[in-house]
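A.B. asks: sequence first, then the predicted structure:
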Amino acid sequence: MDEIKKEERKQKPETLLIASYGHKYSKKSLEKIKIIIKKLDPKKIAILKIIKKRPKKEIVDAYLGHEEKEKIDNEVQHTKKHMADEIASDIIDVIDEFEIPYDVYLRTTDDISKEIIDEFERMNIIHVIIHKSIKGKLEKIIDSSIADRVVKKIGKRKITLLE
């Protein structure tokens, strides 16, 4: 069964995956993305905009009422989507310099690292660009970072960590 999946992946175009979740890329990082694109010369680029779902809070639901909570949740999701669009637009500006087709995907999830790994396994991803961890050592002991989980699953050679 795994052989079938691997064969299906190989038939898809070689793709560079740029995951965008919550942090803007600096000018230095955008320049590094340009260098990676030139070096790898992918056939396609996938921009994965990921919005983290808010955890459900029953106490808030009881205190505010269901309609008010839904209204607040919708406003927060709309704001997060708008921020994700702004971050992705910086990346698109960089990509537009190249004549490489790209797709933009929007995902809302509880587990950002799982979403990145799932896309990696679905497409013929040759390289992944993500943010490096901003967690300290103590925080990583409690809960590993998105970057750490993705590197552990995919392998460091296929990933570039940007600030």
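C.D. replies: That came in fine, so what should we check first?
A.B. asks: the residue nearest the centre of the chain in helix, strand or coil?
C.D. replies: In the chain, the residue lying closest to the centroid (CA atoms, centre = their mean) is A19, at 2.7 Å. Here A19 is strand, with the state taken from DSSP: H, G, I helix; E, B strand; the rest coil.
A.B. asks: okay, Y105 and A88: tell me how far apart.
C.D. replies: With the distance defined as CB to CB, to the nearest Å, Y105 ends up 10 Å from A88. Bear in mind the C-beta positions are built from the backbone N, C-alpha and C, glycine included.
A.B. asks: who touches both of these two?
C.D. replies: Jointly contacting Y105 and A88 under the rule CB atoms under 8 Å, 6 or more residues apart in numbering are I47, K49.
A.B. asks: neighbour count for these two, which is higher?
C.D. replies: Neighbours were counted for Y105 and for A88 using other CB atoms under 10 Å; A88 has more, 20 against 15.
A.B. asks: confirm for me that that one is in contact with I47.
C.D. replies: Yes. The criterion here is CB atoms under 8 Å, and A88 meets it with I47 at 5.4 Å.
A.B. asks: now for those two: what residues contact both?
C.D. replies: Among the neighbours of A88, those also in contact with I47 (CB under 8 Å, 6+ apart) are S20, V104.
A.B. asks: point out where this protein drops to low pLDDT.
C.D. replies: 1-11, 54-66, 69, 72-73, 76-80, 82, 84, 134-143 (pLDDT under 70).
A.B. asks: what about S89, distance to K49?
C.D. replies: 10 Å.
A.B. asks: more neighbours: the two, which one.
C.D. replies: Neighbour totals were compared for S89 and K49, and K49 leads with 21 against 11 (other CB under 10 Å).
A.B. asks: tell me the SS of the more buried one?
C.D. replies: Per three-state DSSP, K49 ends up strand.
A.B. asks: do the same with P13
C.D. replies: At P13 the chain is in coil, as set by three-state DSSP.
A.B. asks: what is the burial count for it?
C.D. replies: Neighbour count for P13, taken as other CB under 10 Å: 14.
A.B. asks: a strand runs through F98, doesn't it?
C.D. replies: No. If the criterion is three-state DSSP, then F98 is coil and not within a strand.
A.B. asks: that one: what's it in contact with?
C.D. replies: Counting by CB under 8 Å, 6+ apart, F98 has contacts I37, K38.
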